[in-house]
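Asker: Give me the fold of what follows.
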Amino acid sequence: MQKQKKFWHVVGELYPFIFAALLLFIVCRSSIQSPSDVTVIHTLKGEYSQNGGNWTPLDEDAQLSALDGDIFIRGTFKEEIPRGTIIQFYMDHIEAVISVNGEEVFVSKAVDKQTAWAMCGTAWRSMESPGITTGDVVEIKLHNPHKFGNREAYSEFLHTLYAGSDTALREMLEKKTFVFRWGGIIVKLISLVLMGVALTFSVMHNEFGKKLKNFGLLVLFAGAYITFDTPNISLWSHIIVFNTHVLCLSIMFVFWELGILIREELNSRVKLAAEIVVITEEIIIAIIILLCLCKVVLLYDVMLLWIVIQMLISLLLFICCMYEIRCRMAGKSRMLYSYMVFLAVIFIDCVNAFFDWWPYGILSKFTFGILLLIYIGKAVHYISKNYQASVRAEKLEDELKNSRIVLAMSQIRAHFIFNVLNAISGMCKYDPEKADETVVRFSHYLRTNIDILQEDAPVPFSVAMQHLEDYVVLEQIRFGERVKFETDIAIDNFLIPSLVLQPIVENSIKHGLRPKEAGGTVSLRTWAEKENIIISIQDDGVGFDTKAMSDKSAVGLSNVRFRLKYFMEGKMEIESKLGKGTTVTISIPCKEA
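Answerer: Numbers count the residues shown, from 1 in each chain. Presented below is the predicted three-dimensional model:
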């Protein structure tokens, strides 16, 4: 059974990584699937010139960098494209002019700031073939209007020339981007669930709600980024500038929310540094949004600067996390470790933006997906654990209520009331003033017990002592000099569960002093010891054998021990010797007190 539990524990820990590996396999498999009804037009047979330089043969090894200026291409298609055939191609923040035999058949370039604003983005464009034969000279001019961008944008344009229906292209792209598109939708749905739970926590005035809200927003922005960072986004969202702004701003807000979460996790001196970093990022994002809304700059043009700033911010937050981990106890930094992993991956992806070693953001996406799966698994475990804890808490609350009722009722039992009333009746004849004082004490004693039946909460030690003194005075009226009570209070500024002191003293009087012909003394002392508050109740009565103490006779003390444990995390120990007396020691942690 133990081995089986261990096996499932290991599976539970590894399932996010197994799922991520399966996801990667599906992505890779889908990316090599060929469209069924779309004819791929192979690269042109010809030559190219970059920035008016020498003409170079156009082959598979051609270095067509979109960051090194304009590209001029001339050549012929290997296959004939009949008139009326739709030709589609992918444009990633570039402009294009296509001519056939010197006549322009497609123009996509900005002529002013307004058109540059509207064209800033990635999109599938199409043109109708004028009827291109294998002998027609095709000339293409490609221009990158930005100083930043995808280095492979020109190559992508040439390798995504498709002839066929729009429906076939859409189906082909759906197969390639299925995982990321639906993954983004699922992530956004998860974010809505998280923010709904966060709202519930906020209504309950739980501090965890704020952290969960920020995490939910991070997941929402990440879902938007994953969804809009797909090649087919322009096929179902036709406003190119909108797509670009959602894509860029969502990734900015992901990193901003990550900074907020890291700041909230820090407790040491570096929290101020993280606060400054987060505020700086907020100001930068606000300035970027303002400049873009005023159309002073294109959002895509400032991404290079933002990436450099984000690299610096990621590095600073990484250092803050490292310092915090050094200041913490082992086992309390799991969240920070995951943040550090994410920050490291973000930094690497930012570096990749300058070199294009792999598709931009792919590492961050997969790392985020794996961490999200781990957090969801942990959250499910946490919710399950807390549900069980809530069930135990309800059961404990019922037990505390029952213990309170049992203790309160035990203090107002009939024979005790009759004895006190008889004593008061006798005093009315020879000492009316003392009878009046006893009635007042008796009414206080009964009122306290009745109040506890309605509400139970820890009370100040002074209140518990007043209730105890009322009880002792009533017993002294009955037994006179046989019952003595002494106190030595060194500390009294703490709370204690109600009905804890009185049952212990009652046991001392009832089982310790009353069987002793001469009676005796009950002493109560308090003092501080290291990190605990100690209460000692000692009597010099007849004592008893603690091993022979029956459950029935110890019901009151068991309730006292139970209330101490679950109200204050306190402990109670009993020591007794026959003929010597009994000592009950209560220990309450100072933090609880």
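Asker: which ones are touching the nearest residue to Thr230 once chain neighbours are set aside?
Answerer: Once flanking residues are discounted, Thr230 sits nearest to Thr177: 4.3 Å by Cβ to Cβ, 6 or more residues apart in numbering. Every C-beta, even on glycine, is put in place using the N, C-alpha and C of the backbone. Thr177 makes contacts with Thr230, Pro231, Asn232, as judged by Cβ atoms under 8 Å, 6 or more residues apart in numbering.
Asker: Double-check that Thr177 belongs to a strand.
Answerer: No - according to DSSP: H, G, I helix; E, B strand; the rest coil, Thr177 belongs to no strand; its state is helix.
Asker: Count the residues that sit near the residue lying closest to Val500 once chain neighbours are set aside.
Answerer: In space, and not counting its chain neighbours, Val500 is closest to Val560: 5.3 Å by Cβ to Cβ, 6+ apart. Val560 is flanked by 25 other residues according to other Cβ atoms under 10 Å.
Asker: Asp229 against Val246, yeah?
Answerer: No - judged on Cβ atoms under 8 Å, Asp229 makes no contact with Val246 at a distance of 9.8 Å.
Asker: So between the two, which is more surrounded?
Answerer: The neighbour count for Asp229 versus Val246, taken as other Cβ under 10 Å, is higher for Asp229 (23 against 19).
Asker: now the more buried one: how far from Leu58?
Answerer: 29 Å (Cβ to Cβ, to the nearest Å).
Asker: Equivalent analysis for Arg447, please.
Answerer: Distance from Arg447 to Leu58, by Cβ to Cβ: 100 Å.
Asker: Would you mind telling me which of the two has the busier surroundings?
Answerer: The neighbour count for Arg447 versus Leu58, taken as other Cβ under 10 Å, is higher for Leu58 (19 against 12).
Asker: Quick check: phi and psi on Ala528?
Answerer: Dihedral pair for Ala528: phi -100, psi 140, per degrees, to the nearest 10.
Asker: Quick check: chain neighbours aside, which residue is closest to Val219?
Answerer: Ser191 (3.9 Å).
Asker: So the one you found sits against Lys213, correct?
Answerer: No - contact criterion Cβ under 8 Å: Ser191 and Lys213 do not qualify, at 10.3 Å.
Asker: more crowded one of those two?
Answerer: Ser191 (21 against 18).
Asker: re the thing from before, for the residue nearest to Val500, give its distance to Arg447.
Answerer: Taking Cβ to Cβ, one finds Val560 at 21 Å from Arg447.
Asker: Can you check the pLDDT for Leu453?
Answerer: pLDDT for Leu453: 57.
Asker: Pull the number of nearby residues for Gly131.
Answerer: 13.
Asker: Kindly provide the distance from Leu291 to Leu578.
Answerer: For Leu291 relative to Leu578 (Cβ to Cβ), the value is 89 Å.
Asker: Have a look at those two and say which one is more surrounded.
Answerer: Leu291 (15 against 9).
Asker: With adjacent residues omitted, what lies nearest to the more buried one?
Answerer: Closest to Leu291 by Cβ to Cβ, 6+ apart is Val297, at 5.1 Å.
Asker: So that neighbour is in contact with Ile289, correct?
Answerer: No - between Val297 and Ile289 there is no contact under Cβ under 8 Å: 11.1 Å.
Asker: ok, for Tyr225, nearest residue in space, not its chain neighbours?
Answerer: Using Cβ to Cβ, 6+ apart, the closest residue to Tyr225 is Ser250 (4.2 Å).
Asker: picking that back up, ok, the residue nearest to Val500 - contacts?
Answerer: Counting by Cβ under 8 Å, 6+ apart, Val560 makes contact with Leu407, Leu499, Val500, Pro503, Ile504, Met572.
Asker: and it, helix, strand or coil?
Answerer: helix.
Asker: which residues of the stretch 251-400 of the chain score low on pLDDT?
Answerer: Applying pLDDT under 70 to the stretch 251-400 of the chain flags the ranges 268, 329-333, 379-400.
Asker: got the buried residues for stretch 523-539?
Answerer: For stretch 523-539, a neighbour-count test (16 or more other Cβ atoms under 10 Å) marks Ser523, Leu524, Thr526, Asn532, Ile533, Ile534, Ile535, Ile537, Gln538, Asp539 as buried.
Asker: In strands, which of those residues fall?
Answerer: Of the buried residues of stretch 523-539, the ones assigned to strands by DSSP state E are Ser523, Leu524, Thr526, Asn532, Ile533, Ile534, Ile535, Ile537, Gln538, Asp539.
Asker: For the first one, name its beta-bridge partners.
Answerer: Beta-bridge pairing for Ser523 (DSSP bridges): Glu486, Gln538.
Asker: picking that back up, how close does the residue nearest to Val500 get to Gly164?
Answerer: Distance from Val560 to Gly164, by Cβ to Cβ: 84 Å.
Asker: that older thread, now list the buried members of the contacts of Val560.
Answerer: Neighbour-count burial (16+ other Cβ under 10 Å) applied to the contacts of Val560 gives Leu407, Leu499, Val500, Pro503, Ile504, Met572.
Asker: quick one: secondary structure of the second one?
Answerer: Looking back up the chat, that one is Leu499. coil.
Asker: My guess is it contacts Phe567. True?
Answerer: No - counting by Cβ under 8 Å, Leu499 stays clear of Phe567, with 10.9 Å between them.
Asker: Could you list the low-pLDDT ranges of the stretch 401-550 of the chain?
Answerer: For the stretch 401-550 of the chain, the stretches flagged by pLDDT under 70 are 401-416, 449-456, 549-550.
Asker: need the strands for it, in chain order.
Answerer: 459-460, 483-489, 495-496, 520-529, 532-539 (DSSP state E, counting those that start in this stretch).
Asker: Out of these, the one nearest Glu95 is which?
Answerer: Smallest distance to Glu95 across these (Cβ to Cβ): 75.0 Å, for strand 495-496.
Asker: ok, residues contacting that closest one?
Answerer: Pro458, Val459, Pro460, Phe461, Ala464, Ile535, Met568, Ile588, Ala593.
Asker: Off-centre distance for that strand?
Answerer: 34 Å (Cα atoms, centre = their mean, to the nearest Å).
Asker: all numbers from here: first residue = 511
Answerer: In the new count, where the first residue is 511, that last one comes out as strand 1005-1006.
Asker: circling back to that earlier point, quick one: the residue nearest to Thr740 from Leu1088, how far?
Answerer: 85 Å.
Asker: cool, Leu568 as well?
Answerer: From Leu568 to Leu1088 the distance is 108 Å (Cβ to Cβ).
Asker: Now stretch 996-1010: buried residues?
Answerer: Buried residues in stretch 996-1010 (16+ other Cβ under 10 Å): Phe1004, Leu1005, Ile1006, Pro1007, Ser1008, Leu1009, Val1010.
Asker: what's near enough to touch the nearest residue to Lys805 once chain neighbours are set aside?
Answerer: Of all residues not flanking Lys805 in the chain, Trp627 sits nearest, at 6.0 Å (Cβ to Cβ, 6+ apart). Contact analysis of Trp627 by Cβ under 8 Å, 6+ apart lists Val751, Lys805, Leu808.
Asker: redo that, cut-off 10 Å
Answerer: Counting by Cβ atoms under 10 Å, 6 or more residues apart in numbering, Trp627 touches Ala620, Ile750, Val751, Thr754, Cys802, Lys805, Leu808, Leu809.
Asker: So it lies in a strand, does it not?
Answerer: No - applying three-state DSSP, one finds Trp627 to be helix, outside a strand.
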